[in-house]
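A.B. asks: I would like the atomic coordinates for the input below:
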Amino acid sequence: MRAQVYSSILPIVSAEDLTSWAAALLEAATFPRPTAHLVAESLVAANLRGVDSHGVQLLPYYVEQVERGDMHTVAQGRVVLESGACLLYDGANGVGQQIASVCCGHAVRLAHKHGIAIVAARESNHFGAAAYWGQKISGAGMIGIVMCNASPIVAPWQGRERRLGTNPICVSVPGPWLLDMATTTVANNRIFKALMNGEESIPAGWAVDSQGVPTTDTDAAIRGMPMPLGGYKGSGLGMMVELLCGVLSGGAMSVEVGGIHVEGKPTRTSQTFVAIDAGRFMPVEEFHRRLEWLVNTVKSAAPATGFDEVMVAGDPEWRAEAERRQSGIPLGQGTWNCLAETAARLGVGPPPEPQPAGSGPV
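C.D. replies: Numbers count the residues shown, from 1 in each chain. Sure, this is the predicted structure:
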């Protein structure tokens, strides 16, 4: 890494150094080399986009899953059935990113043939940020839709017992628009990130305590549950994802799903990958023209008081990526310490020596 001088004390690491180190860590934890590099790239991609909750802070949890025997790093999934534009895949409790990569490939292949494809996967594991896989499909010129059910840590609207996951939805198009959202106000890993980095409070609206009462206390939120997005609407969206993933795939549903933090219980998550060939509806150039018109029309709205501009889905993350590719990825001190401890336990050298993070090189 080139020497840099920064104004604060948080560690910062280049994307290249962090990816190489994360891959080495995963190899030491028995991940095959190609899989280790795929996982590392997917996590660092989230860090680059500013979605640190789905970045390298997940590495210690993945390693612990493998050490407990709750995930099989060398498992080979299989196609259960293929019927026209539909495909069902069983991941055999393998690495989530590896399963997702295979499924994205099938989705693109089938969409080229049929114009649309739906690939449902069961018996999978955490696959990082859904945006990474939506972009894999849109990078092949398709509209990509990716969904995933997750461990039951969310109470349904008006409830106080856990029944649903944060169940993310991603829609990625070949162009200037990328939606990736949990069906809760925030992904639960953002609350874990706050805990790991010693933050005593979180923003209002993120979580409820164990009795279903809204809270801003980080410890109470960890013991409680993430809040559904928009109340009953978030619960509806969460169930929609559950239906299109767990129900449709024949995999685990609701309280049957495990999680990366749950000891002794395989995750068994289900994921659905949809690819749509817009060229079947109109010339691709016309699709891009219409998309750009829509994006520009929305962004041309006068900003509300207190805001400088109107942004659309994807704008904040692309800006973060441009900045972090140049200046490096800042890591919270708690995340850094946890990574270093995991590396030491596996006999891997420490993470690349960081520089303090700040506003950039001076």
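
A.B. asks: What separation is there between the closest residue to residue 344 other than its chain neighbours and residue 22?
C.D. replies: Nearest-residue entry for residue 344: residue 350, 7.6 Å, with adjacent residues in sequence omitted and distances by C-beta to C-beta, 6 or more residues apart in numbering. C-beta coordinates here come from the backbone N, C-alpha and C atoms, glycine included. Distance, residue 350 to residue 22, by C-beta to C-beta, to the nearest Å: 13 Å.

A.B. asks: Looking at these two, which one has more neighbours?
C.D. replies: Per other C-beta atoms under 10 Å, whichever of residue 350 and residue 22 has more neighbours is residue 22, with 28 against 12.

A.B. asks: which residues does the more buried one contact?
C.D. replies: 39-40, 43-44, 56, 59 (C-beta atoms under 8 Å, 6 or more residues apart in numbering).

A.B. asks: Out of the residues you listed, flag the one nearest to residue 75.
C.D. replies: residue 39 (13.9 Å; C-beta to C-beta).

A.B. asks: For the nearest residue to that closest one once chain neighbours are set aside, give me the pLDDT.
C.D. replies: The spatial neighbour of residue 39 that comes closest, neighbours along the chain excluded (C-beta to C-beta, 6+ apart), is residue 97 at 4.8 Å. Looking at residue 97, its pLDDT is 98.

A.B. asks: Same check on residue 355?
C.D. replies: So, for residue 355, pLDDT stands at 68.

A.B. asks: which residue ranges form the helices in the stretch 151-300 of the chain?
C.D. replies: Ranges of helices within the stretch 151-300 of the chain are 188-196, 218-223, 232-242, 248-249, 284-299, based on DSSP state H, counting those that start in this stretch.

A.B. asks: my read is residue 76 is in a helix, agree?
C.D. replies: No. Assignment of residue 76 by DSSP: H, G, I helix; E, B strand; the rest coil gives coil, placing it outside any helix.

A.B. asks: what separates it from residue 102, distance-wise?
C.D. replies: 10 Å.

A.B. asks: Compare those two and say which is more crowded by neighbours.
C.D. replies: residue 102 (20 against 10).

A.B. asks: ok, residue 301 touching residue 309?
C.D. replies: No. Contact between residue 301 and residue 309 fails when scored by C-beta atoms under 8 Å: they sit 9.5 Å apart.

A.B. asks: excluding its backbone neighbours, what's nearest residue 31?
C.D. replies: residue 73 (4.7 Å).

A.B. asks: Quick check: that neighbour touching residue 29?
C.D. replies: Yes. Here residue 73 reaches residue 29: they are 7.5 Å apart, a contact under C-beta under 8 Å.

A.B. asks: Overlap in contacts, the two.
C.D. replies: residue 66.

A.B. asks: Residue 146 falls within a helix, correct?
C.D. replies: No. Assessed by three-state DSSP, residue 146 does not belong to a helix; its assignment is strand.
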